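Enquirer: structure for this input, please:
(2 chains)
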There are 2 protein chains.
Amino acid sequence: MKALIVSIGDELVLGQTLDTNSAWIAARLAELGCDVAAHVTVGDDKTAIESLLRQTLQRDDPPDLLLISGGLGPTEDDLTREALADTLGVGLTLHEPWLEQIRTFFRQRGREMPRRNSVQAMIPTGAELIWNDHGTAAGIDARFERAGRAVRVLAMPGVPGEMKPMFEKSVRPIVSGASVGAVILQRTLHTFGLGESSVAERLGDLMRRDRNPSVGTTVSEAVVSLRINARFASVQDAINATERTIAECRAALGNLIYGADGQTLAQAVAQLLTQEKGTVATAESCTGGLVAKYLTDIPGSSQYFQQGFVVYSNEAKRQRLGVNENLLHVHGAVSEPVVLAMARGARRLAGSSYALAISGIAGPDGGTPTKPVGTVCIALAHLAPATRPLAKGVDREDEVNAYARTFNLPGDRAMIRDRAAKTALAMLRFRLLGEPLPF
Amino acid sequence: MKALIVSIGDELVLGQTLDTNSAWIAARLAELGCDVAAHVTVGDDKTAIESLLRQTLQRDDPPDLLLISGGLGPTEDDLTREALADTLGVGLTLHEPWLEQIRTFFRQRGREMPRRNSVQAMIPTGAELIWNDHGTAAGIDARFERAGRAVRVLAMPGVPGEMKPMFEKSVRPIVSGASVGAVILQRTLHTFGLGESSVAERLGDLMRRDRNPSVGTTVSEAVVSLRINARFASVQDAINATERTIAECRAALGNLIYGADGQTLAQAVAQLLTQEKGTVATAESCTGGLVAKYLTDIPGSSQYFQQGFVVYSNEAKRQRLGVNENLLHVHGAVSEPVVLAMARGARRLAGSSYALAISGIAGPDGGTPTKPVGTVCIALAHLAPATRPLAKGVDREDEVNAYARTFNLPGDRAMIRDRAAKTALAMLRFRLLGEPLPF
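Expert: Reported below is the predicted structural model:
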């Protein structure tokens, strides 16, 4: 069972609108065990649509299904109906019940049907109409035969709010009825800290192309994700095989994997902090509040985050966090001694169990030969654990451990700031896990 | 001049990741007057990529340009190099300077090049390498000849942060050198504060479908943008007509328009602050550092931003900004008196000319009947202008003006936080313009 996904619209081809329909349809087809060969986008151009249909039908290995979205509206640039009819070599036939439905649609809104909408009740002769519960653009279900091979074309409106319910109600049953058993299960695991090739090296044979479930990697905003796709005849087999593969990925990568599917790095940190009832404060220079923003993205973040400092200037570092002027003068604002002082200051003021501090050169200006753009110092300060006995006369608040690291982060200003914020979160995460930072 | 845009990746075909590259590339090509025939997406599958390349070349009307993104990484599922070479009927040749560049890339990050990255220095024999300033995936510039027609294939990495600068630096000149004929000029104007339908109402006839230049609206992250598309035979005609249309849009919307094309609301604020040598401090509760992050997204932001406070808990509001306990008790943390006190406190401590303070209920929990989720109070404090004479015995630092507003913002947690941060920036912007907030 193989499908081609087609989206139609000038705004899509010109890049003015992002095509979200194709990805949505593809994800639904995958759930149903239907392979997607490709996505194709063409403009509101009858020749282009027809030429795509003809080429697809003439292939040696035509898809079983062709799912179209777009081009079913009432205006002159809606040409899916005509292109389908011409390719089938038939005319258009009026679908009376749908014309009546369009009239009712307008009547219920206190308006008369504009004349041009009647074209939406014309469908290629011999094709079937797919009811639209949310608008006037009916879908079309047409069957093509070519050299003994059947290709079924299902055309849906381009408006996502109409396409999605039409898919769920009318197209899903057609696809699942036709698809022969195979189930595709998809899971994603996320890592942060190593590059894509280092992750791939550790995964080794798990990434073999012919493996099932397959394991592939993608990178987005410095997060290297593993995509696991399992294709089996039964759901249970797919689940079991996927779980085994996830266990093997975890064995290869350990805690570099911070989460699965929709989980963010900040969520992983939040979960660990909440478990140990810890709190964290932030002291940010070059990231300008981004770490605090990530930590407070999560509902309920007041449990582990109460305050943070954005100390962009040297004066702010002195005034707000008590960073020694001499330290700034001798080592510079982007230095391990300064971020250590920032982290200690922020932790003390906030009374938190942890504090993260960041100072760096995000660019594009401000780099020097010894501290080029991308140089970022990050410190983590933390209270001695409550379980550790203290030396006589020492207050727990005084026994603060702290360590700092200097990183050289690639990319432009936005990428450097984002990587710096995520690296700080990763430092806290591995501290909470009781493991050394693995990168 | 006609182009085909191809994106490669299993995650795209399966619908796990939205293809944003194709739309971005299409918009750039439209700017250059290059027609886009279609977008095609195929998976990490050598046969599929080769079959697409062959079919495209065998067409009666092949495109002049084929722009590919994706499949140039170091792993086994990166197959664009091999597919191009096989289609050309050539092998792969090692590009020594690029191998050295990859080694340098890793060395600068204190790491040794993983062995598998060396495959990224292999390019189809006879093709040219396109330098990548932001990563290890070099691009490929290959020329195909078929029946006297030349098709130029330009392959770029799939990571947007690498693809976009590569397009701008190396691909744009190739496309603009080759393109001829009709010019499509695209400009975008951005507004913040009114909904899409209110903006459309004010634009009136400017949004007529048959207008050239055409004006359309889109919404992204609460910013309502006007897309202006002009299609003319000459560049000068397109520029003139576009400028006239922009002037008409400005006449209809005034300072609701904060910027054009890539400009952000924070950049517009930064520009106005820099002009009057003003500085701003931030005091954020529910936005958790997002306003400070926006203000420091911009290179050189230290000119107008020195420090900010993230005061998530009531205790932090008291400790850091001196907000009166009684005020918090009587009015609650989400109230105009509290944000006024936060703004005054932050401004005084930072010694800045302006301060923005935000406190609200971002949800999903914490709403009450009188303060439902989405209730956000924002205050702006500002020093009396240096030009204004002061009453006898009054220090300028004491004469601080402040005002606060309560908003009811729609959306989920992320949307409420983002709208709150942008609303605060808009308040500062209209204050800097000397105009009342128009919404």
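
Enquirer: now do the buried residues in the worst-scoring helix or strand of chain A on mean pLDDT.
Expert: Lowest mean confidence among the helices and strands of chain A (mean pLDDT, DSSP states H and E): helix A:172-178, at a mean of 79. Residues A:174-175 are the ones in helix A:172-178 that count as buried (16 or more other C-beta atoms under 10 Å in any protein chain shown). For every residue, glycine as well, the C-beta is placed using N, CA and C.

Enquirer: ditto for stretch A:164-174
Expert: A:164, A:166-167, A:170-171, A:174.

Enquirer: same list (these) but as TSV, adding distance to chain B.
Expert: Formatted as TSV, the buried residues of stretch A:164-174 follow (distance: C-beta to the nearest C-beta, whole Å):
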residue	distance to chain B
A:164	13
A:166	17
A:167	12
A:170	19
A:171	15
A:174	18
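
Enquirer: and the least confident of these?
Expert: Across these, the member with the lowest pLDDT is residue A:174, scoring 85.

Enquirer: so is the helix or strand where residue A:251 lies next to chain B?
Expert: Using DSSP states H and E, residue A:251 falls within helix A:235-253. No. Helix A:235-253 does not reach chain B (C-beta under 8 Å from any C-beta of the partner chain); its nearest approach is 14.2 Å.

Enquirer: how about residues contacting that helix?
Expert: A:183-185, A:187, A:189, A:191, A:199, A:202-204, A:206, A:212-213, A:215, A:226, A:228, A:230-232, A:257, A:260 (C-beta atoms under 8 Å, 6 or more residues apart in numbering or on different chains).

Enquirer: mean confidence (pLDDT) on that helix, please.
Expert: Per-residue scores along helix A:235-253 average to 93.

Enquirer: quick one: mean pLDDT for the next helix or strand along the chain from it?
Expert: Downstream of helix A:235-253, the first helix or strand assigned by DSSP H and E is strand A:257-260. Average pLDDT, strand A:257-260: 97.

Enquirer: elements contacting strand A:257-260?
Expert: In terms of contacts (3 or more C-beta pairs under 8 Å, 6 or more residues apart in numbering or on different chains; DSSP states H and E), strand A:257-260 is packed against strand A:183-192, helix A:235-253, helix A:265-275.

Enquirer: ok, back up a step: from the middle of its chain, how far away would the helix holding residue A:251 be?
Expert: 21 Å (C-alpha atoms, centre = their mean, to the nearest Å).

Enquirer: one more: stretch A:242-257?
Expert: 20 Å.

Enquirer: can you give me the buried ones in it?
Expert: Burial within stretch A:242-257, assessed by neighbour count using 16+ other C-beta under 10 Å, is assigned to A:242, A:245-246, A:248-249, A:252-253, A:256-257.

Enquirer: same thing with stretch A:87-94?
Expert: Within stretch A:87-94, judged by 16+ other C-beta under 10 Å, the buried ones are A:87-88, A:92.

Enquirer: got it, and stretch A:290-307?
Expert: A:290-298, A:301, A:304-307.

Enquirer: and it, anywhere near chain B?
Expert: Yes. On the criterion C-beta under 8 Å from any C-beta, stretch A:290-307 is in touch with chain B at A:290-293, A:295-297, A:299-302, A:305-307.

Enquirer: just the strands in the stretch 51-200 of chain A please.
Expert: A:65-69, A:92-94, A:122-124, A:128-130, A:139-146, A:149-156, A:183-192 (DSSP state E, counting those that start in this stretch).

Enquirer: out of these, flag the one nearest chain B.
Expert: strand A:183-192 (6.4 Å; C-beta to the nearest C-beta).

Enquirer: tell me the mean pLDDT for that closest one?
Expert: On average, strand A:183-192 scores 86.

Enquirer: same deal with stretch A:322-339?
Expert: 96.

Enquirer: returning to what we had before: got the residues of stretch A:290-307 next to chain B as a markdown table, with secondary structure and pLDDT columns?
Expert: Listed next are the residues of stretch A:290-307 next to chain B as a markdown table, based on DSSP: H, G, I helix; E, B strand; the rest coil; pLDDT from 0 to 100:
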| residue | secondary structure | pLDDT |
| --- | --- | --- |
| A:290 | helix | 98 |
| A:291 | helix | 98 |
| A:292 | helix | 98 |
| A:293 | helix | 98 |
| A:295 | helix | 98 |
| A:296 | helix | 98 |
| A:297 | coil | 97 |
| A:299 | coil | 95 |
| A:300 | coil | 94 |
| A:301 | helix | 97 |
| A:302 | helix | 96 |
| A:305 | strand | 98 |
| A:306 | strand | 96 |
| A:307 | strand | 97 |
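
Enquirer: are any of the contacts of helix A:235-253 buried, and which?
Expert: Here, 16+ other C-beta under 10 Å leaves A:183-185, A:187, A:189, A:191, A:199, A:202-203, A:206, A:213, A:215, A:226, A:228, A:230-232, A:257 buried among the contacts of helix A:235-253.

Enquirer: how about the residues of the stretch 301-439 of chain A by chain B?
Expert: Residues of the stretch 301-439 of chain A lying near chain B (C-beta under 8 Å from any C-beta): A:301-302, A:305-313, A:315-316, A:319-320, A:349-350, A:363-365, A:408, A:410-415, A:417.

Enquirer: now the stretch 51-200 of chain A
Expert: A:52, A:55, A:184, A:186, A:188, A:195-198, A:200.

Enquirer: mark which of these are buried, thanks.
Expert: Counted by 16+ other C-beta under 10 Å, these give A:52, A:184, A:186, A:188, A:195-198, A:200 as buried.

Enquirer: so which of the residues you listed comes closest to residue B:47?
Expert: residue A:184 (19.1 Å; C-beta to C-beta).

Enquirer: name whatever forms a beta bridge with that closest one.
Expert: Beta-bridge pairing for residue A:184 (DSSP bridges): residue A:231.

Enquirer: and the gap between it and residue B:51?
Expert: 22 Å (C-beta to C-beta, to the nearest Å).

Enquirer: can I get the buried residues of stretch A:164-174 in a markdown table with distance to residue B:428?
Expert: Converted to a markdown table, those look like this (distance: C-beta to C-beta, whole Å):
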| residue | distance to residue B:428 |
| --- | --- |
| A:164 | 40 |
| A:166 | 46 |
| A:167 | 45 |
| A:170 | 51 |
| A:171 | 49 |
| A:174 | 55 |
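
Enquirer: what residues does stretch A:193-211 touch?
Expert: Counting by C-beta under 8 Å, 6+ apart, A:191, A:215-217, A:219, A:224, A:226, A:245, A:248-249, A:252-253, A:256, A:423, A:426, A:437-439, B:73-77, B:114-117, B:136 sit against stretch A:193-211.

Enquirer: list the ones among those that fall in helices.
Expert: Those of the contacts of stretch A:193-211 mapping onto helices are A:245, A:248-249, A:252-253, A:423, A:426, per DSSP state H.

Enquirer: farthest pair in the residues you listed?
Expert: Top of the distance list for those (C-beta to C-beta): A:245 and A:423, 28.2 Å.

Enquirer: re the thing from before, residue B:102: which of the strands of the stretch 51-200 of chain A is closest?
Expert: Of all those, strand A:183-192 comes closest under C-beta to C-beta, at 21.2 Å.

Enquirer: okay, now the unreliable bits of the stretch 301-439 of chain A?
Expert: Scanning the stretch 301-439 of chain A for pLDDT under 70 picks out the ranges A:385-399.
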